[in-house]
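1. Need a 3D model of the following:
(chains A and B)
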Amino acid sequence: MIRFLKRTWAIIKRPSVHLSLGFLSLGGFVMGLLFWGAFNTALELTNTETFCTGCHEMRDNVFVELQATIHYTNRSGVRATCPDCHVPHNWTSKIARKMAASKEVWGKIFGTINTREKFEEKRLELAQHEWARFEANDSLECRNCHSADSMDITRQSKRAAEAHERFLFTGENTCIDCHKGIAHTLPDIGQAMLHKSSDPNVTELQTFLRTD
Amino acid sequence: MTQTARIPTLAALIVALAAPVLAQQSVATLRGPADLAENGPAQPIPAVVNSDIRQVRNYPEQPPLIPHKIDGYQITSDYNQCLTCHSRTAIEVSQAPMVSITHFMDREGQFLASISPRRFFCTQCHVPQSDARPLVENEFVDVDTVLDYVTSHGGSD
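-> Below is the predicted model of the structure:
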């Protein structure tokens, strides 16, 4: 093996005697293109709903939940698929998200969420990752389809129009602040917020009541 | 049998034969007149009233009707979406009416610190309305009408 590697290295190191520099650089360029293309194609393949719901953790939990919502069927027939909401469109964020997702795939292989119960236990943590992401990017994925500028609030219900006018257009809140759980069943948020509260009164109360 | 006796008999016979046919046309079942093995045409689903205008209660104890749509609102043991707008602390942002104090009472009439478990599943008592045409005419009169009637009849009856 070592010998093979040494020989290969020697071939690579030795300047080419038979091929012109022009051919080599062109060839390199073409190979580069091919690799890049293959890499992106592989990315695109993992970027479909069939891939996302290929494992039963997703198919039996979040996918079934999505099917009952407006983002699966509606009067206009426009659908949101998993990557529409979960994968950023620009390249760097996309790669970053994929690396993070690899951890979730790891979780599958080692069976950390292989039953509904285990999934429910993990759901809060998974959901909090998503909320943090939406908060950090000002709900970018929602805005890829829904533009606040194109919203005609005169055509919305009074409740919607007032909320959007007071909090969305002023930039005080972003979509995910008010629209949690539009695609999946929600975990117990209240309990979680109480536990990580930094309010000194809450911490004092917790030690008093010994709730954790 | 005389000629005159025969006519009523004939009439009775016709009625007896026609009755099932008439009945078949007039008795409305939920699934409509389709054959047993077939599915009838689906009726259009009436739209939910989403007017955001609070409705009159027909009697003081009535759980008020929900004047907005609640499609997809989750009420599970983990989460109650109604309370994200109707809880004590949420109403400043949502400008919704707060759940009244009765929602904090247990069945002994004690006030609890948060929504009583027996009031947690809101849609047990509160329902939105759709603009469907009523199948049966409603002859309900509310208590004010009854009171008016009683006073106009001199307080008796």
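
2. Those residues of chain A touching chain B, which are they?
-> Contact residues of chain A with respect to chain B, defined by CB under 8 Å from any CB of the partner chain, are listed as A:68-70, A:157-159, A:162-163, A:167, A:181-182, A:185-189. Using the backbone N, CA and C atoms, a C-beta is placed for each residue, glycine as well.

3. let's see it at 10 Å
-> Near chain B, the residues belonging to chain A are A:65, A:68-71, A:120, A:123-124, A:156-163, A:166-167, A:173, A:178, A:180-191 when assessed by CB under 10 Å from any CB of the partner chain.

4. Okay, and which of the residues you listed map to helices?
-> Using DSSP state H, the members of the residues of chain A next to chain B that fall in helices are A:65, A:120, A:123-124, A:158-163, A:178, A:189-191.

5. nearest to B:E137, of those?
-> A:K158 (31.3 Å; CB to CB).

6. Please give me every residue in contact with that closest one.
-> Going by CB atoms under 10 Å, 6 or more residues apart in numbering or on different chains, A:K158 touches B:50-53, B:67-68, B:95.

7. Output those of these also counted as contacts of chain A.
-> Filtering the contacts of A:K158 for proximity to chain A (criterion: CB under 10 Å from any CB) leaves B:50-53, B:67-68, B:95.

8. ok, so of the residues you listed, who is nearest chain A?
-> Top of the list for closeness to chain A, among those and by CB to the nearest CB, is B:D52 at 3.9 Å.

9. can I assume the closest one sits in a strand?
-> No: assigned with DSSP: H, G, I helix; E, B strand; the rest coil, B:D52 falls outside any strand and is coil.

10. check contacts around the closest residue to A:E49 other than its chain neighbours.
-> Of all residues beyond its chain neighbours, the one nearest A:E49 is A:T81 (4.2 Å), with distances taken as CB to CB, 6 or more residues apart in numbering or on different chains. By CB under 10 Å, 6+ apart, the residues touching A:T81 are A:47-50, A:52-53, A:66, A:71-72, A:87.

11. and if we set it to 8 Å?
-> Listed by CB atoms under 8 Å, 6 or more residues apart in numbering or on different chains, the contact partners of A:T81 are A:48-49, A:52.

12. Can you flag the buried ones in those residues?
-> A:49, A:52 (16 or more other CB atoms under 10 Å in any protein chain shown).

13. and the contacts of A:T81 as TSV, adding pLDDT?
-> Rendered in TSV, the data for the contacts of A:T81 read as follows (pLDDT from 0 to 100):
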residue	pLDDT
A:T48	77
A:E49	80
A:C52	79
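
14. quick one: which of the contacts of A:T81 is nearest to chain B?
-> Proximity of the contacts of A:T81 to chain B, judged by CB to the nearest CB, is greatest for A:E49, which lies at 20.0 Å.

15. Do I have it right that the closest one meets A:C85?
-> No: the pair A:E49 and A:C85 fails to qualify as a contact (CB atoms under 8 Å) at a distance of 10.8 Å.

16. which among the ones next to chain A among the contacts of A:K158 end up buried?
-> B:50, B:67-68.

17. quick one, helices of chain B?
-> Assigned by DSSP H, the helices in chain B fall at B:3-26, B:83-86, B:91-94, B:143-152.

18. Compare the mean pLDDT across these and name the weakest.
-> Least confident of these, judged by mean pLDDT, is helix B:3-26 with a mean of 52.

19. what are the ranges of the helices in chain A?
-> A:2-13, A:21-46, A:49-52, A:56-58, A:64-67, A:82-86, A:91-109, A:116-136, A:140-145, A:158-163, A:175-178, A:189-195, A:200-209.

20. Which residue, other than its chain neighbours, is closest to B:F140?
-> Once flanking residues are discounted, B:F140 sits nearest to B:N58: 6.7 Å by CB to CB, 6+ apart.
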